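1. fold the following for me, if possible:
(2 chains)
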Amino acid sequence: MAQDLRYQLSNGYVHFVSDAPLERIEAESESLKGVIDVATREFAFTIPVRTFQGFNSPLQQEHFHENYMETDRNPNGQFTGRIVEEIDLTAPGIYQVRAKGTLRIHGIATERIIPATIEVKEGEMTLSALFDVPLSDHDISIPRIVRQKIAEDIAVTVEATFTL
Amino acid sequence: MKRVFSCLIGLCLAAVMGAQSYPASYHLLEELRELDLSTLFQDEDGFIWLGGADGLFRFDGRILENFSAPRDSQATVSVIAEDHTGRLLVGYASGAVARLGQDKLYPMLTPDLRTSITGLSPIDESLFLATYGEGLWCRKGSAWHCILPDLSIYDMVTSSQEFVWLATDQGVYQLNNQGKLIRHWQESSGLPDRIVQHLVAADSGVWAGTYTDGVAFLPVEGGPVQQSLTASNWVYGQLEDLTIQPDGTLWMTTWEHGLVEWHPGQMAPWPVQVNQQVEASKLTELLVDREGATWVLVAELGLLNVRGDVAIFDGGAFAPAGELLAIHAAGIYIWVSTMEGLFRYNVRTRQWEHHRPTGLTDDDLIISIHEVQPEEVWLGTFGQGLLRYDVAQKTIQRITEADGLINDNILDMEATNGSLWLATLGGVSQATFPVGEPRWRLRFQNYDQENGLGANYIYKVVSDSQGRVWFATDGQGLTVLENGTFTNYNASDGLRSEVIYSATTDPQGNIWFSTLHDGIYRFDGDSFLHFGLEEGLHGVDIVALACDPHGHLTIVHEEGVDVMDTRHFHLIHLEDDIGLLEVNANLNVITTRENGEVWFGLQQGMVRYKPGGAAQSFIPTTWLDYIEVYLEEYPVTGDTVFAYSDNHLTFGFVGLWFANPAQVTYQYQLEGYDLGWITTKDQEAIYPDLSPGEYTFKVRSAIDGQFEGTPVVRYGFRIASPFWMRGWFIALLLILTGVAIYLYVKSRERRLQALERMEKERIDFQFQTLRSQVNPHFLFNSFNTLLNVIDMDKERAVTYVEKLSDFFRSILAYREAAIISLEEELKVVQDYYYLQQQRYGDNFSLAISIEDPTHYAVPPLLLQLLVENALKHNVVSRAQPLTVQVYIEDDDLVVRNNLQRKTESEGGTRVGLANIRKRYEMLTDRPVRIAEENNWFTVRLPIIPLES
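-> Next comes the predicted model:
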């Protein structure tokens, strides 16, 4: 029965880049967890912010967690919602979809519509998405002095593989 | 109390524009910068409402007024609508709904909702309520029921045939007025994108604004989606809002490109440059007001009024170089000639072409243009004759005086059926097209002064619907050719200037013409009507006139542009601040398109103006906004009878005309008080001290003081008479007076009777006293005593006789008095005691212990009588001595004696006591108390203080 089917995320990868005039900062994590319900097309993703690795220096990583993300208070980034397009997630094929839901970063939730590509193979599904996260949407304030070093919009890439 | 802001109108004009034309725009409301607002609405009365995180505000063009209840100040307004009775409905992000009544918001009973209200649509008696997350609800009567549960609705509109439309992530739902789902529009119905966030109702359907793929038209009757923009021709990204202009043009705010305009079926979507200071992403909500202007909510900047009726082409949007000489509209083209050549503008593609036909020379200054048929344009030159331009062949045929043309300076042309009329500096040529020969071999019929034409310098030729041809002459007024006869109108007909520069006809068949330095005239076939500065024109040096099919006359002069409604003669002025720079003063730089657009030239550029069709465009809408009684708000819909003391009235009024609120002036009059209209720019009239009576407050508003024919708003009321001037009070007063007089007479009568009775009683008492004191027994006893004393002690006898004499004199002295002081009375008693003591010796004793007898009063001889009574009724002997005590106790004057009653009394004591009681009754309310107890006979007389 289709309504009981759920894709569980088996492999997830999240990467972000802040491309500011004076500095480019990148970090990535492979600790993305998630689930997609085939019948309702509802989904939930979460990632512990602490797992991001990369940055240009350990000090920068510390600033990221303590000054900007306040990771102790808001340990996870989350995105929950539903795929807008009425597609059959069990039928093999490549689909351009839009995932609509609540993106919670830094404890602040915003309603987002995020385009994504889904490829369904036998018993397996891969998802990739590229979107921007404006810092202002999530009340992440950047001191004026580092504005040249941190971008106002952070580009996020998500790659994930799901299995039934 | 509402917060009232005064409005500063900031002029924010775009300077140099990009490659496109831009609409004139004005004022951002400065104080809105501080406010977080997200929704716009115009109510039936014409007020503009703004709502958002900072509450609810009303804007009348000048003043922004806060209508949020103080406790609601944190509630985010998400949608504003109006119910079928004209009351404002406000939906909140919290899920609550409120209704405005008497300037106050009252919560409405709604289902228990937790998500934002995104739409409120009243249809007849029912109310549809859209939420973001909890679906669609409908109220019929007082019951709410859910129609589509769990749906996230972005927007809701109602269309013709009372359909309700919902914008959602799953496309568009179309429901009937009962809430029944009629259609579900999705990709399969042709919707380019299933996420639809905005809807706007048009005549026969609804425009849906999609998330990324532009807009699509959904017909009310169903069928395929029409005229949709698809991803291929929509390059402007995500929509912020969508609205429709009166002419059917869609205006959209987009995240990336700001304002975009699209006239479906006519041209591709095109970005509209509003103001280069405004970032594209800051333009959010749109509203088209009833005057036809568009309002754009600009995040962090305020509210921008964008006039869709005026578009200015300059800078990059205006390709031609050199001074403008003539403009002529033909179909979708605008022909423009300048000192630098001939140009053509395509209004659909917005492209300019420079036309350089073979045969056109640099010496040819084209001062008049006329397209007689497609691809055949006739050009009038200055001194070089008439040119026929074959646009397809790019060739020119030149016709000059040698070909029979009356003059080679062609100032104007007019095509009538079969002929081309040419106005020149040498008279008029009527050219007809030959049959069977090239069209440029014109046949000419020439007219000049000899034929009856007023003058040979003709600036303008105009044909009218009745087959007449009018000629504007230089110095000889207006000439008309009717049925082959010329008639000339000049100074003798009342024209104050005879130099006529331009002329046009209106839809009623009147001819309008402008004169040098003397404004404009209307001629209706019988008489001339003049309009100058006094009639409201802003300039009298008129360059050009043009009238659209609705009767709106555009008057271009050196001071700018006036527009007149030719039916009611109302004028509006397009101010410099909407972006009209210097107007071009050449004669032919004005033209009218079939759709009513008037195009005219600037010094460097041109203006497209579309006079508004709505009445609101020419007359402000006047409202009596509030009434205050002693500065306290009073409902305008309340009782119109005011108390006598509520006679300090303030009337607040507003004339809504958003095109330029600064030009609105008011006239008011309080009938019954003011003798005439009072003209003001204030929005308040104060009457501090009105007498009782009937009044009518009248107010009207106008643009630039043109009050003639403007509607008047009236408010009749009455200041009541004070109660002491009303009939019932006077009647009551008369009755009360009557009763009072009656009661007075009655009481006087009673008092007289009482006095009479008292007098009688006093006389009785006197008589009784006299009788007792001159009682022979008393005298007999006294004389016996005296005899004894005379024998024993002569001196004592003298004293005795003196005391007796004093006693009787006292009786004589006091018997007439009503009261005497206690001191005087005690003196009499002492005398009496002396007299009796001579007889009884120690067997009779009198003890008086009163500290200050001067402060009290008693009826005369009363104590004496009591002492006498004691002697009279009691045994006095050595074995049984009689003691009488007089003292004051508990506000009583007490006289008592030990009781040893004689077996046979001298009689009549009760009469004496009753007499005492009566005398006291007249003096005090307190009773005389007489008691016999414990062998004491006690009389307690109320103390009467002696008044000094």
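2. now the most centrally placed residue in chain B: which helix or strand?
-> Chain B has B:D625 as the residue nearest its centroid, 0.8 Å off, counting by Cα atoms, centre = their mean. Per DSSP states H and E: B:D625 is located in strand B:621-629.
3. what does that strand rub up against?
-> Residues outside strand B:621-629 that contact it (Cβ atoms under 8 Å, 6 or more residues apart in numbering or on different chains) are B:45-46, B:60, B:103, B:633-636, B:638, B:642, B:646, B:648-657, B:666, B:683, B:697, B:699-701, B:710-713, B:715. From N, CA and C alone the C-beta is placed, and that goes for glycine too.
4. select only the buried ones of those in PyMOL?
-> Buried members of the contacts of strand B:621-629, defined by 16 or more other Cβ atoms under 10 Å in any protein chain shown, are picked up in PyMOL with:
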select buried, chain B and resi 46+60+636+642+648+649+650+651+652+653+654+655+656+657+666+683+697+699+700+701+710+713+715
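5. what residues does chain B put near chain A?
-> Counting by Cβ under 8 Å from any Cβ of the partner chain, the residues of chain B close to chain A are B:D169, B:Q170, B:R194, B:I195, B:Y211.
6. my guess is the last one contacts B:H198, does it?
-> No - B:Y211 sits out of contact with B:H198 when judged by Cβ atoms under 8 Å, with a separation of 9.7 Å.
7. joint contacts of those two?
-> B:L239.
8. which SS state does the residue in the stretch 651-800 of chain B that chain A sits nearest to fall under?
-> Nearest residue of the stretch 651-800 of chain B to chain A (Cβ to the nearest Cβ) works out as B:F658 at 32.9 Å. Of the three states, B:F658 takes coil under DSSP: H, G, I helix; E, B strand; the rest coil.
9. my read is that it contacts B:N305, right?
-> Yes - shown here, B:F658 and B:N305 form a contact pair, counting by Cβ under 8 Å, at 6.3 Å.
10. which neighbours do these two have in common?
-> B:A293, B:W295.
11. what is the mean pLDDT for the helix or strand hosting B:Q669?
-> Secondary structure from DSSP H and E places B:Q669 in strand B:664-671. Mean per-residue pLDDT for strand B:664-671: 93.
12. now do stretch B:401-413
-> Stretch B:401-413 shows a mean pLDDT of 93.
13. and if you look at stretch A:12-30?
-> The pLDDT scores in stretch A:12-30 average 93.
14. just the buried positions in that stretch, please.
-> For stretch A:12-30, the neighbour count (16+ other Cβ under 10 Å) marks A:G12, A:V14, A:H15, A:F16, A:V17, A:S18, A:A20, A:I25, A:A27, A:S29 as buried.
15. repeat that for stretch A:55-66.
-> Under 16+ other Cβ under 10 Å, the buried positions of stretch A:55-66 are A:F55, A:Q61, A:F64.
16. dump those to a markdown table, plus secondary structure.
-> A markdown table is the format used below for the buried residues of stretch A:55-66 (three-state DSSP):
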| residue | secondary structure |
| --- | --- |
| A:F55 | coil |
| A:Q61 | helix |
| A:F64 | helix |
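17. tabulate those (TSV), appending distance to B:E300.
-> Shown next, in TSV, are the buried residues of stretch A:55-66 (distance: Cβ to Cβ, whole Å):
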residue	distance to B:E300
A:F55	33
A:Q61	34
A:F64	29
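18. and those as CSV, adding pLDDT and distance to A:A129?
-> Formatted as CSV, these follow (pLDDT from 0 to 100; distance: Cβ to Cβ, whole Å):
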residue, pLDDT, distance to A:A129
A:F55, 91, 23
A:Q61, 92, 24
A:F64, 90, 22
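19. distance to chain B added to the residues you listed, as CSV?
-> Listed next are these as CSV, based on distance: Cβ to the nearest Cβ, whole Å:
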residue, distance to chain B
A:F55, 30
A:Q61, 32
A:F64, 27
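20. with respect to B:G494, which of the residues you listed is nearest?
-> Nearest to B:G494 among those is A:F64, at 86.3 Å by Cβ to Cβ.
21. check contacts around the closest one.
-> By Cβ under 8 Å, 6+ apart, the contact list for A:F64 reads A:A27, A:F52, A:F55, A:T71.
22. ok, which pair from the residues you listed is furthest apart?
-> A:F55 and A:T71 (13.1 Å).
23. state the pLDDT value of the one residue in chain B that gets nearest to chain A.
-> Closest contact between chain B and chain A, by Cβ to the nearest Cβ, is at B:D169 (4.9 Å). The per-residue pLDDT reported for B:D169 equals 91.
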